[in-house]
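K.L.:
with the sequence up front, the predicted model follows.
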Amino acid sequence: MDLAVPPRPKTLKIRGGQSDSSARILSYKIWEAIIQGKAGGHPADIKMMWVLGSNPVNQMPDTNKCHQAFKKLEFVLVHEQYMSATAKFADILLPVNTWMEREDYAAPWLGAPYYAYANKAIDPLGESRSDLEICTELAARLGIQGFNDKTEEEWLRHLIAEMPDIPDYDEFKRKGIHKVQLAEPFVAFKAQIEDPENNPFATPSGKIEIYSQTLADMNDPKIPPIPKYFDAEENWNQPLARRYPLQFISTHFRRRVHAQYDNLPWLRRVEPQALWINPVDAQPRGIKDGDLVKVFNDRGVVMTPAWVTERIMPGVVHLAEGGNYHPDEQGIDRGGNPNVLTSSEPSPLGSNVDNSCLVEVQRA
């Protein structure tokens, strides 16, 4: 990839930043980058994708644009445990093992004073390997020297040895958990409170910035220097709402972890994937509880059962994220995947906004 590209004029200057090169792609614009390439102003013409630890076809917004991008790629390599929506696009599909078939450790997602060690429960099934083993063997075949000189356990010992919180690897592995004994209760920003001069925040002023001069200097009305409410990009106040009058939302589902476990029949029976719709919206559309409905907008069409319920407000419908993308011959998704409908257009500062859009619903 050519890194000799002009700097971005709106790159945020923060402490520790070393480069303002624009040779990068926002994750939610990756489909456009693949489809358009350099001709569309992107830093590279992407030829291949190597996917591991992810299911982007299912979990990233604007699934049909994603479908188009994957078909343009010359080569797709995927590590997977089952035939996911992304795995179906693979030219080569490598069987990766599960977390139950390898050693690992983890810290809490949002931080807490303990660590967990995941002892391997069983040996890897069939010919499956860990991501580390796959990448190490591929590196050797590709002639990449010095890629990896350690086994899985050697890496774990090396990483944990550099962590002052865990004094003994073998004891940590035996117990499966290590609780960090704090000398005193944790207080957020304690150093900045007690000695702000020598402990500045990672902002241009070194302080908590309610008003950001950096954002003010960008002079972009969509990026105000002080927090301000904006309507969602697709909302009831837009002309688009005349065609698509329902605000669509998508949240996490208690029976899945994103798309994981969606292929378990007994979990699907316990809580089916279904569109939540208020009786106020269902009745004029002739929709009854359990009816198959068509949910659609300009980006795509999803067919899914309806759950007519007062647990969602009128004018709003809901479909949980993670439903497995399963298009029929006409490209209509039959798996209840909300990302067929969501937009990949990010917020002005680059955040994802794929949990809300406008749709219409009809009885199938």
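P.N.:
Now that the structure is in, tell me what you want to look at.

K.L.:
where in the protein is pLDDT low?
P.N.:
Counting by pLDDT under 70, the ranges of the chain that qualify are 1-23.

K.L.:
let me see the domain layout of it.
P.N.:
Domains of the chain are assigned by automatic domain parsing as 27-179, 187-229, 239-363.

K.L.:
share the number of residues neighbouring Gln92, please.
P.N.:
Not Gln; residue 92 is Ile. Around Ile92 there are 10 other residues, counting by other C-beta atoms under 10 Å. C-beta coordinates here come from the backbone N, C-alpha and C atoms, glycine included.

K.L.:
who's in contact with it?
P.N.:
Ile92 makes contact with 76-78 under the criterion C-beta atoms under 8 Å, 6 or more residues apart in numbering.

K.L.:
any idea how far Trp50 is from it?
P.N.:
As judged by C-beta to C-beta, to the nearest Å, Ile92 and Trp50 stand 10 Å apart.

K.L.:
ranges for the helices of this structure?
P.N.:
30-36, 56-59, 63-72, 131-141, 152-161, 169-175, 190-194, 213-218, 265-270, 279-282 (DSSP state H).

K.L.:
tell me the most buried of the domains of the chain?
P.N.:
Comparing the domains of the chain by mean neighbour count (mean count of other C-beta atoms under 10 Å), domain 239-363 comes out on top with a mean of 17.

K.L.:
and that domain, how far apart are its ends?
P.N.:
End-to-end distance for domain 239-363, by C-alpha to C-alpha, to the nearest Å: 24 Å.

K.L.:
one more: stretch 85-105?
P.N.:
Separation of the first and last residues of stretch 85-105 by C-alpha to C-alpha is 28 Å.

K.L.:
just how off-centre is that stretch within its chain?
P.N.:
What separates the centre of stretch 85-105 from the centre of its chain is 17 Å, taken as C-alpha atoms, centre = their mean, to the nearest Å.

K.L.:
just the strands in this protein please.
P.N.:
With DSSP state E as the criterion, the chain has strands at 48-51, 75-80, 92-95, 104-106, 114-118, 177-179, 246-249, 275-277, 292-297, 300-308, 316-318, 356-363.

K.L.:
in JSON lines: those strands, plus distance to Ile144.
P.N.:
Output for the strands of the chain, formatted as JSON lines (distance: least, C-beta to C-beta, whole Å):
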{"stretch": "strand 48-51", "distance to Ile144": "14"}
{"stretch": "strand 75-80", "distance to Ile144": "15"}
{"stretch": "strand 92-95", "distance to Ile144": "17"}
{"stretch": "strand 104-106", "distance to Ile144": "24"}
{"stretch": "strand 114-118", "distance to Ile144": "28"}
{"stretch": "strand 177-179", "distance to Ile144": "35"}
{"stretch": "strand 246-249", "distance to Ile144": "45"}
{"stretch": "strand 275-277", "distance to Ile144": "48"}
{"stretch": "strand 292-297", "distance to Ile144": "45"}
{"stretch": "strand 300-308", "distance to Ile144": "40"}
{"stretch": "strand 316-318", "distance to Ile144": "47"}
{"stretch": "strand 356-363", "distance to Ile144": "42"}
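
K.L.:
of all the ones you listed, which one comes closest to Pro265?
P.N.:
Pro265 lies closest, by C-beta to C-beta, to one member of the strands of the chain: strand 300-308, at 15.7 Å.

K.L.:
list the contacts of the closest one.
P.N.:
63-64, 272-279, 282, 287-296, 319, 323, 331-334, 336-338, 340-341, 361, 364.

K.L.:
could you dump that strand to CSV, C-alpha only?
P.N.:
These are the backbone C-alpha positions of strand 300-308, laid out as CSV (Å, rounded to 0.1, in the frame of the first residue of the first chain):
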residue,chain,number,x,y,z
GLY,A,300,-32.4,-4.6,1.2
VAL,A,301,-35.2,-6.8,2.2
VAL,A,302,-35.6,-9.2,5.2
MET,A,303,-38.3,-11.8,5.7
THR,A,304,-39.0,-12.7,9.3
PRO,A,305,-41.9,-13.5,11.7
ALA,A,306,-43.6,-10.7,13.5
TRP,A,307,-44.1,-10.4,17.2
VAL,A,308,-46.9,-8.0,17.9
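
K.L.:
hmm, back to that, overlap of the contact sets of Ile92 and Trp50?
P.N.:
77-78.

K.L.:
can you list phi and psi of Tyr229 for me?
P.N.:
phi -80, psi 130 (degrees, to the nearest 10).

K.L.:
which residues touch Ile35?
P.N.:
Counting by C-beta under 8 Å, 6+ apart, the residues that Ile35 touches are 65, 68-69, 72.

K.L.:
rerun that using 6 Å as the cut-off
P.N.:
69, 72 (C-beta atoms under 6 Å, 6 or more residues apart in numbering).

K.L.:
same deal with the one 10 residues further on?
P.N.:
With contacts defined as C-beta under 6 Å, 6+ apart, the neighbours of Asp45 are 37-38.

K.L.:
and the gap between it and Ile35?
P.N.:
Look at Asp45 and Ile35: by C-beta to C-beta, they are 11 Å apart.
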